[in-house]
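Next input, structure requested:
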Amino acid sequence: MKFIRSLAASIVACSALISATGCNDSSVADTTAPAKSAPSDSVDRVSASQPERKTLTLHTSQPGRVEAFEETPLYPKVTGYVEEVFVDIGDSVEKGQKLIQLWIPEMQDEQVQKEALVAQAAAEVQQAEAAVQASEAATLTAKARVSQAEAGIGRTDGDYERWKSEYERIRELADKGSVTPKLADEALNHFRSAEAARAEATAHVESAEAGFHEAQANVSKSQADLVAAQARHRVAEANLKQTKTMLAYAEIKAPFDGVVTRRSIDTGHFVHPASGGSTQPLLVVARSDKVRISVDVPEMEAPLVDKGDTAIVRVQSLRKQEIEAAVTRTSWSLDNANRSLRTEIDVLNDEELLRPGMFATVTILLDERSDVLTLPITAIFRDGPQTSCCCVESGKIERRPIVLGLRSGDEVEVVSGLTGDESIVITRADVLQQGQPVEIIEAGK
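Numbering: from 1, shown residues only. The predicted structure follows:
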């Protein structure tokens, strides 16, 4: 980064040097063509001094403008009538403060309706929960009936086996003539009755089991009905929440602490959501405790601007009062329209003296070189492709190639080519020739 800044500073210095002197300026002349030699018996008289060591600084001064750090136009989210406006232009507001109240009667009615739907859905949930409990109880009853029917089967099986055995015994006796056939017929009737009772008990078991399965199915159905009722309840609550959210937009609040800078509505106005760039905001709120000073830095100086660079802001309407700050941010890329770098400087504005729209002059410290050799611009000239100066050595001129660095005003940094002990011709150096005898009429330190 240091190399890039140095290279950019050199480019700026050379560009400024060329633009400042021009093609016909004798302070930096092109001496590619040999000049006429002075007569051998004449000695030219020159002014000379030693290079000075000092600190050079490079600044850029550009017009700037004061902008709100944050500025928010407020638009309605819902359609309605302006019921009341609580602020006017110039009023200070706090974050969350209610600025405008809208009246939306149909949405208020919709909220009442959806609240009733939520209550209805909640009642359906309670009804479904009761149905689940009832079906579960019916399942227990059906299960008990199954157990009772199964117990009856055990009893009828005992009677069936008893009368079957009794009937077989009496039939054998009747066949032998030991008992009368009538007694055998009575035993057969008892046996058939026991057989029918056993069949009836089996049917009761099957019926009880079917009832139990039906009760279990009713439990599953009632549980599904409960899930559906709970879902309808959640839907009703979500619809109500959405209506409340939309109705909350009837209150337009301040997004931050600031000042109302524009108002375009009055009580009773019918407003609707913005539907294009031509729609005017109801209010505009600008933050006032901090402002941005924006300045466009030309392309040639843009590479030298960095975050944190010292900046002096002079505001015209405040009698050019100076405010010391620092570069806060840059756009990094240049504007295609004017080839400039947007640079912003944040400035605290607790006293609210700085207002958006004010003009300012911003001076940014682009570069600073401490303890460097410097020459006046008049001592430097172009010698073909090289930049040179003239040294006086033993009463004669020596053209010395030098490398320049930062330029500040009429002084230029000499990066290499000089030690600092030389006597440098400070005027008319471009017309002097190598080896030409001269006499110093004015010397510096």
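
Look at Ile377 and say how many residues are nearby.
Residues near Ile377, counting by other CB atoms under 10 Å, number 21. In this view, the C-beta of every residue, glycine as well, is placed from N, C-alpha and C.

and what of Glu251?
11.

For it, which non-adjacent residue is spatially closest?
Leaving aside its sequence neighbours, Glu251 sits nearest to Lys98 (CB to CB, 6 or more residues apart in numbering; 5.3 Å).

Next up, the contacts around the one you found.
Phe86, Glu251, Ile252, Lys253 (CB atoms under 8 Å, 6 or more residues apart in numbering).

Could you save those as a markdown table and add columns showing pLDDT and distance to Thr139?
Shown next, in a markdown table, are these (pLDDT from 0 to 100; distance: CB to CB, whole Å):
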| residue | pLDDT | distance to Thr139 |
| --- | --- | --- |
| Phe86 | 96 | 63 |
| Glu251 | 96 | 53 |
| Ile252 | 96 | 58 |
| Lys253 | 96 | 56 |
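
May I ask which of those residues has the most neighbours?
Ile252 (21 neighbours).

which is the next helix or strand following the helix or strand it falls within?
Assessed by DSSP states H and E, Ile252 sits inside strand 251-253. Moving toward the C-terminus from strand 251-253, the next helix or strand (DSSP H and E) is strand 258-263.

what comes up buried for that next one?
Gly258, Val259, Val260, Thr261, Arg263 (16 or more other CB atoms under 10 Å).

thought the fourth one was touching Ile89?
Yes - under the criterion of CB atoms under 8 Å, Thr261 makes contact with Ile89 at 6.4 Å.

leaving aside the residues next to it on the chain, what's closest to the residue sitting nearest the centre point of the chain?
Nearest to the mean C-alpha position of the chain, counting by CA atoms, centre = their mean, stands Glu70 at 14.2 Å. Closest residue in space to Glu70, ignoring its immediate chain neighbours: Arg287 at 4.1 Å, by CB to CB, 6+ apart.

next one: Gln62
Val295 (4.8 Å).

Please apply the same query to Ala274.
Once flanking residues are discounted, Ala274 sits nearest to Tyr75: 4.5 Å by CB to CB, 6+ apart.

so who does that neighbour touch?
Counting by CB under 8 Å, 6+ apart, Tyr75 has contacts Pro273, Ala274, Thr279, Pro281, Leu282.

same check, this time on Arg329
Lys307, Thr343, Glu344.

Tell me the most packed of the residues you listed, by neighbour count.
Of the contacts of Arg329, with other CB under 10 Å as the count, Thr343 tops at 26 neighbours.

Now for it: which residues touch it?
Ser294, Val295, Asp296, Val297, Val305, Val327, Arg329, Thr330, Ser331, Val362, Ile364.

Now do the residue nearest to Glu70, the pLDDT please.
With respect to pLDDT, Arg287 has a value of 93.

ok, it to Pro255 distance?
9 Å (CB to CB, to the nearest Å).

who touches both of these two?
Glu70.

if we can go back for a sec, let me have the contacts of Thr343 in JSON lines, adding distance to Thr419 as columns.
Below are the contacts of Thr343 laid out as JSON lines (distance: CB to CB, whole Å):
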{"residue": "Ser294", "distance to Thr419": "45"}
{"residue": "Val295", "distance to Thr419": "40"}
{"residue": "Asp296", "distance to Thr419": "42"}
{"residue": "Val297", "distance to Thr419": "36"}
{"residue": "Val305", "distance to Thr419": "34"}
{"residue": "Val327", "distance to Thr419": "37"}
{"residue": "Arg329", "distance to Thr419": "43"}
{"residue": "Thr330", "distance to Thr419": "39"}
{"residue": "Ser331", "distance to Thr419": "43"}
{"residue": "Val362", "distance to Thr419": "39"}
{"residue": "Ile364", "distance to Thr419": "33"}
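
beta partners for the closest residue to Gln386 other than its chain neighbours?
Distances taken as CB to CB, 6+ apart place Pro401 nearest to Gln386, at 4.5 Å, with adjacent residues excluded. Following DSSP bridges, Pro401 is listed with bridge partners Ser388.

Now for Pro401, how many residues are close by?
The burial count for Pro401: 13, using other CB under 10 Å.

which residues touch it?
Counting by CB under 8 Å, 6+ apart, Pro401 has contacts Asp383, Gln386, Thr387, Ser388, Gly417.

How far away from the center of its chain is the helix or strand hosting Ala138?
Per DSSP H and E: Ala138 is located in helix 105-176. The chain centroid and the centroid of helix 105-176 are separated by 63 Å under CA atoms, centre = their mean, to the nearest Å.

name the helices or strands packed onto that helix?
helix 181-248 (3 or more CB pairs under 8 Å, 6 or more residues apart in numbering; DSSP states H and E).

So which elements touch the helix it packs on?
For helix 181-248, the helices and strands in contact under the criterion 3+ CB pairs under 8 Å, 6+ apart are helix 105-176.

give the contact list for the spatially closest residue to Lys54 that is not a sequence neighbour.
In this structure, Lys54 finds its nearest non-sequential neighbour in Thr374, 5.7 Å apart by CB to CB, 6+ apart. By CB under 8 Å, 6+ apart, the residues touching Thr374 are Pro51, Glu52, Arg53, Lys54, Leu56, Glu411, Val412, Glu413, Val414.

Who does the second one form a beta bridge with?
Residues in a beta bridge with Glu52, per DSSP bridges, are Thr374.

what's the burial count for it?
Count around Glu52 with other CB under 10 Å applied: 14.

That one contacts Leu373, doesn't it?
Yes - judged on CB under 8 Å, Glu52 makes contact with Leu373 at a distance of 7.5 Å.

re earlier: contacts for the strand holding Ile252, please.
Looking at what lies outside strand 251-253 - CB under 8 Å, 6+ apart - the contacts are Leu74, Pro76, Gly96, Gln97, Lys98, Leu99, Ile100, Gln101, Leu102, Leu282, Leu283.

Please type out the PyMOL selection for whichever of those turn out to be buried.
Buried residues among the contacts of strand 251-253 (16+ other CB under 10 Å), as a PyMOL selection:
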select buried, resi 74+76+99+100+101+102+282+283
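
Show me the contacts of strand 251-253 that map onto strands.
Counted as lying in strands by DSSP state E, out of these, are Leu74, Lys98, Leu99, Ile100, Gln101, Leu102, Leu283.
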